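Enquirer: My questions are about this predicted structure, shown below with the sequence.
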Number of protein chains: 2
Amino acid sequence: MRTITIQILAKRRETKQVSITDLAKQLGLSVSGVSRALNNDSRISQATKQRVQALALQLNYQPNHLAAGLRKGKSKLLGVIVPYIDGRFFAVVIKGIELAASQAGFSVIICQSNEEVAHERQNIETLLRAQVEGILVSVSRTTHDFAHFEKVQNRGIPLVFFDRVLPGTEVNAVLLDDYTGGFIATEHLIEQGCQRIGHFAGPQHLGIYTHRRQGYLDALRKHGLPVAEEQIVYCDPITLDAGREAMRQVLQLPERPDAIFSSSDAAIAGALQVLEEHGLQVPQEVALAGFSNEMFTSLTTPRLTSVDQCCEQMGEAAVRLFLDLQQASPPTATHHIVLQPELLIRASSLRNS
Amino acid sequence: MRTITIQILAKRRETKQVSITDLAKQLGLSVSGVSRALNNDSRISQATKQRVQALALQLNYQPNHLAAGLRKGKSKLLGVIVPYIDGRFFAVVIKGIELAASQAGFSVIICQSNEEVAHERQNIETLLRAQVEGILVSVSRTTHDFAHFEKVQNRGIPLVFFDRVLPGTEVNAVLLDDYTGGFIATEHLIEQGCQRIGHFAGPQHLGIYTHRRQGYLDALRKHGLPVAEEQIVYCDPITLDAGREAMRQVLQLPERPDAIFSSSDAAIAGALQVLEEHGLQVPQEVALAGFSNEMFTSLTTPRLTSVDQCCEQMGEAAVRLFLDLQQASPPTATHHIVLQPELLIRASSLRNS
DNA sequence: AATATTTGTTCAAACGTTTGCGCAAAGCAC
DNA sequence: GTGCTTTGCGCAAACGTTTGAACAAATATT
């Protein structure tokens, strides 16, 4: 009899998970005792704690987070929704998120909205079902209403937006100071002696793009330069080709610009290609500055000046904000964290050196 | 009395989750009935199914995956471990994984090993605790033993490697045919008239780099070109600077190469910079081909020829393999899926056009 | 010596589902 | 009206963990 039981146990151990009850049986303890021993409860003697932990190690026991989560109402899961995951920015933000989250004992579940609000809604459902304890989200481009996020808030689940927010909503967010980014990039171009600075703007329903544009405008005004609306191209600056097209457009103006500040790096890279094809010197004839400090900005010739977005810090900050919100469980006022961007000056804008 | 109760319920509904029992109470049904109704069980009448679903919608009921997972022993979670998440390759693979997984009803948990085996071990523990139903992993560079993966296999949890495998291990894997990638890239350079083709190789304990090198060697042999060991630089080709250093090294050889095939794009981009600084024409004097089709390969001047790795397909394939393994629960033979790479020919290697 | 306190442990309920089994009621054939 | 199947649903156990309360034994307090 006895040997048979052991054989069965031995076979089980191979595939089935060893549970807290198994430990309890083998030690002649109660399950609760084992649980407390593993959780280092003060009421358990050192002796039994060690006995328990020794056996746990030996049998390669792994606590079942599902069960614990169910009981405690804490899944130790953190949901993240991004428009897409390829592309340096979001990838690095996620890197920061994963780092900070795992240090706090959280696992992160990644969802992509593919810039579609319908997907985004689905993502929310998925994450709620998975019982995440918080959601970090950068809204898709096609998101114009807030309805699906209200579900999250009504559940009392901390919701933190990062990088992209819906304008006119009172939410917790960690943002880049896009205004300052646009401002310092433009001011730098001005200081390099540029007089007619064009701008590739993004879709204006997204705050990040309006702010960058505003920074651009204010930098012009501050230095007494005229604002010429025809020098501003509204494109979707996420692709290289949009930048090529935009550049061709401004080159046809009677007064061609002597510098471009673009809301994205991809577009400015496209612009660089077009300028090269037209035999125009960068930065002597046209200086360029982009936004995001994408990896490739260091690989073009000349290398591209760009505004760095502190992506990894943004991820960390978002997690910290989430943790704070979770602590202050009665929902306090909404928090905003604003990160200051840094201008990385490279050859594409350096005229006097 | 009665009103007070309702107030409490009303307040609860705001924050607390509505459960299957709440539905049961309000409908005068049993929990099991509600459960079956929601799962579209054949034994429940259409009428009650509709009643249940209507109320579920109205109260915004969300099933608790933790509870269901605990009961069914299925978490609907899929674990992924990558060395790092920034950088195009892994980001795009993850994109593919998330896409395929979510279609199969799985959520994916991302972990980074940061190329450190210690982290990797931790990641495994985390994922096992989270009760993932499978693990997709690309091993870190510092992983030389298989011990921590055996735990996973002993539990009967499907384990799928992608892109990087430990050599000499019998595992399920989806790989790129790196050999062919190296071969076609080198052959292409030969066809362009190059005679002394150098190679930037990677750490040779990683299969991907030995295979690429072998493809390179065999292409040379096939076309009767001598193999000169001094033209092969063993560096860690993940950084731009490594490529710069390697290029400087081969430029000092008595016979400088007239082409370079690099195991990575970053290194070949570094090489391009150095060649430019030395005033050497690309591709006329030195032709270049890299590996990975990183985004920036289309942004350099000249644009870089590169071997595309079908990253997104790799992610999808890994998920499919996982699903197959889960189906065929008694562990069958190990499966290998080999994806064929494609050579994207760009200006950096095109001599006759 | 009786009572109070501490220490170490067990009991049992709970978390929200799923699921095998049982049990009525209704329909059908006899 | 008796037996048989079908239809529709409820009971209760189970998944692995946590946790408030109870409890016994040992120690300290009076």
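Expert: In hand now; what should we look at?

Enquirer: what residues are up against the residue lying closest to residue A:185 once chain neighbours are set aside?
Expert: Closest residue to residue A:185 in three dimensions, ignoring its sequence neighbours and counting by CB to CB, 6 or more residues apart in numbering or on different chains: residue A:289, at 4.6 Å. (Each C-beta comes from the backbone N, C-alpha and C, glycine too.) Contact analysis of residue A:289 by CB atoms under 8 Å, 6 or more residues apart in numbering or on different chains lists A:185-186, A:188-189, A:259-262, A:268, A:304-307, A:343, A:348-349.

Enquirer: pLDDT below threshold where in chain A?
Expert: A:1-15, A:329-331, A:353 (pLDDT under 70).

Enquirer: what ranges do the helices span in it?
Expert: Shown for chain A, the helices assigned by DSSP state H span residues A:2-15, A:20-27, A:31-38, A:46-58, A:65-72, A:88-103, A:117-129, A:147-154, A:178-191, A:207-222, A:240-251, A:265-277, A:311-327.

Enquirer: Turn these into JSON lines, columns for distance to DNA strand D and mean neighbour count.
Expert: Shown next, in JSON lines, are those (distance: least, CB to the nearest atom of the strand, whole Å; neighbours: other CB atoms under 10 Å in any protein chain shown):
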{"stretch": "helix A:2-15", "distance to DNA strand D": "10", "mean neighbour count": "10"}
{"stretch": "helix A:20-27", "distance to DNA strand D": "3", "mean neighbour count": "18"}
{"stretch": "helix A:31-38", "distance to DNA strand D": "3", "mean neighbour count": "19"}
{"stretch": "helix A:46-58", "distance to DNA strand D": "10", "mean neighbour count": "14"}
{"stretch": "helix A:65-72", "distance to DNA strand D": "3", "mean neighbour count": "18"}
{"stretch": "helix A:88-103", "distance to DNA strand D": "19", "mean neighbour count": "23"}
{"stretch": "helix A:117-129", "distance to DNA strand D": "16", "mean neighbour count": "19"}
{"stretch": "helix A:147-154", "distance to DNA strand D": "24", "mean neighbour count": "15"}
{"stretch": "helix A:178-191", "distance to DNA strand D": "43", "mean neighbour count": "23"}
{"stretch": "helix A:207-222", "distance to DNA strand D": "40", "mean neighbour count": "20"}
{"stretch": "helix A:240-251", "distance to DNA strand D": "51", "mean neighbour count": "20"}
{"stretch": "helix A:265-277", "distance to DNA strand D": "47", "mean neighbour count": "24"}
{"stretch": "helix A:311-327", "distance to DNA strand D": "15", "mean neighbour count": "20"}
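
Enquirer: could the ones you listed be laid out in a markdown table, adding distance to residue B:118?
Expert: What follows is those, written out as a markdown table (distance: least, CB to CB, whole Å):
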| stretch | distance to residue B:118 |
| --- | --- |
| helix A:2-15 | 26 |
| helix A:20-27 | 27 |
| helix A:31-38 | 23 |
| helix A:46-58 | 18 |
| helix A:65-72 | 21 |
| helix A:88-103 | 13 |
| helix A:117-129 | 30 |
| helix A:147-154 | 35 |
| helix A:178-191 | 37 |
| helix A:207-222 | 38 |
| helix A:240-251 | 40 |
| helix A:265-277 | 35 |
| helix A:311-327 | 21 |
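
Enquirer: Out of the ones you listed, the one nearest residue B:101 is which?
Expert: For these, proximity to residue B:101 was assessed by CB to CB; helix A:117-129 is nearest, at 10.8 Å.

Enquirer: anything in that closest one sitting right up against chain B?
Expert: Yes: using CB under 8 Å from any CB of the partner chain, we find that helix A:117-129 touches chain B at A:125-129.
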